[in-house]
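# pasting the structure only:
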């Protein structure tokens with residue numbers, strides 16, 4: 001098979017990705033659409049690394065559509081590979097954003113970079129965590145998204161907590177009118 005003719009590829013969570021990436025890095029340079037699913041961090045084998053995926057993505061000439069599922073804390077290692085496609089990328093589905101404060105600032109920096117550095121991006125999907133400590137960052141996310149003049153189809157998924165907060169599905173007050 002002439003792998004250079006392949007334009008769309010979906011790699012599921014259960015695929016032996018490291019072996020695939022090692023074999024096909026540089027062989028599918030004309031790929032336009034890529035979807036990669038990774039196992040959740042808790043189920044990854046010891047010594048797992050995202051480096052083969054980064055090398056594979058970097059070996060592609062001009063991705064137009066990219067979906068990456070469950071990279072967890074490895075998104076920072078993938079970011080240079082994503083950035084490489086800034087002139088060609090039209091659609092990007094980012095993994096769920098981190099729920100702890102240090103990563104929120106990184107996510108905001110990445111969003112600013114997407115807004116300013118990927119002028120052809122028309123479709124962007126984000127998963128935004130919601131909790132009571134997220135009021136200020138949420139308004140910043142919304143402000144940044146509002147400035148995406150080239151974005152045609154934004155997709156926002158708000159991850160709601162199940163514990164007591166104003167975002168929780170079952171928000172109950174105690175008899176004093178305060179949260180239990």
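Yep, that arrived. None of the values given here were measured: they were computed from a predicted structure. Numbers count the residues shown, from 1 in each chain.

# Scan the protein for its longest helix.
helix 101-117 (DSSP state H).

# Show me what that helix is packed up against.
Packing partners of helix 101-117 (3 or more C-beta pairs under 8 Å, 6 or more residues apart in numbering; DSSP states H and E): helix 75-84, helix 135-146. Using the backbone N, CA and C atoms, a C-beta is placed for each residue, glycine as well.

# The same query, at a cut-off of 6 Å, please.
helix 135-146 (3 or more C-beta pairs under 6 Å, 6 or more residues apart in numbering; DSSP states H and E).

# now the helix it packs on: mean pLDDT?
The predicted model assigns helix 135-146 a mean pLDDT of 71.

# What is the burial count for residue 93?
The tally of other residues near residue 93 (other C-beta atoms under 10 Å) stands at 16.

# from what I can see it touches residue 67, true?
Yes: with contact defined as C-beta atoms under 6 Å, residue 93 and residue 67 form a contacting pair (4.1 Å).

# where does the residue minimising distance to the centre of the chain land in three-state SS?
Computing the C-alpha centroid of the chain and ranking residues by C-alpha atoms, centre = their mean puts residue 94 first, at 1.9 Å. Here residue 94 is strand, with the state taken from DSSP: H, G, I helix; E, B strand; the rest coil.

# That one and residue 54: what is the separation?
16 Å (C-beta to C-beta, to the nearest Å).

# Let me know the secondary structure of residue 30.
Here residue 30 is coil, with the state taken from three-state DSSP.

# Which residue is the nearest non-sequential neighbour of it?
Counting by C-beta to C-beta, 6 or more residues apart in numbering, residue 4 is the residue found nearest to residue 30 once chain neighbours are left out, at 5.4 Å.

# Now name the helix or strand holding the closest residue to the residue nearest to the centre of the chain other than its chain neighbours.
With sequence-adjacent residues excluded and distances taken as C-beta to C-beta, 6+ apart, residue 94 is closest to residue 126, at 5.5 Å. Per DSSP states H and E: residue 126 is located in strand 123-129.

# same deal with residue 52?
Here residue 52 is assigned to helix 51-59, by DSSP H and E.

# Outline the domain layout of the protein.
Domains of the chain are assigned by automatic domain parsing as 1-89, 92-180.

# Against residue 40, how distant is the closest residue to residue 144 other than its chain neighbours?
With C-beta to C-beta, 6+ apart as the criterion, residue 144 has its nearest non-adjacent residue at 4.8 Å, and that residue is residue 111. Using C-beta to C-beta, residue 111 is found at 23 Å from residue 40.
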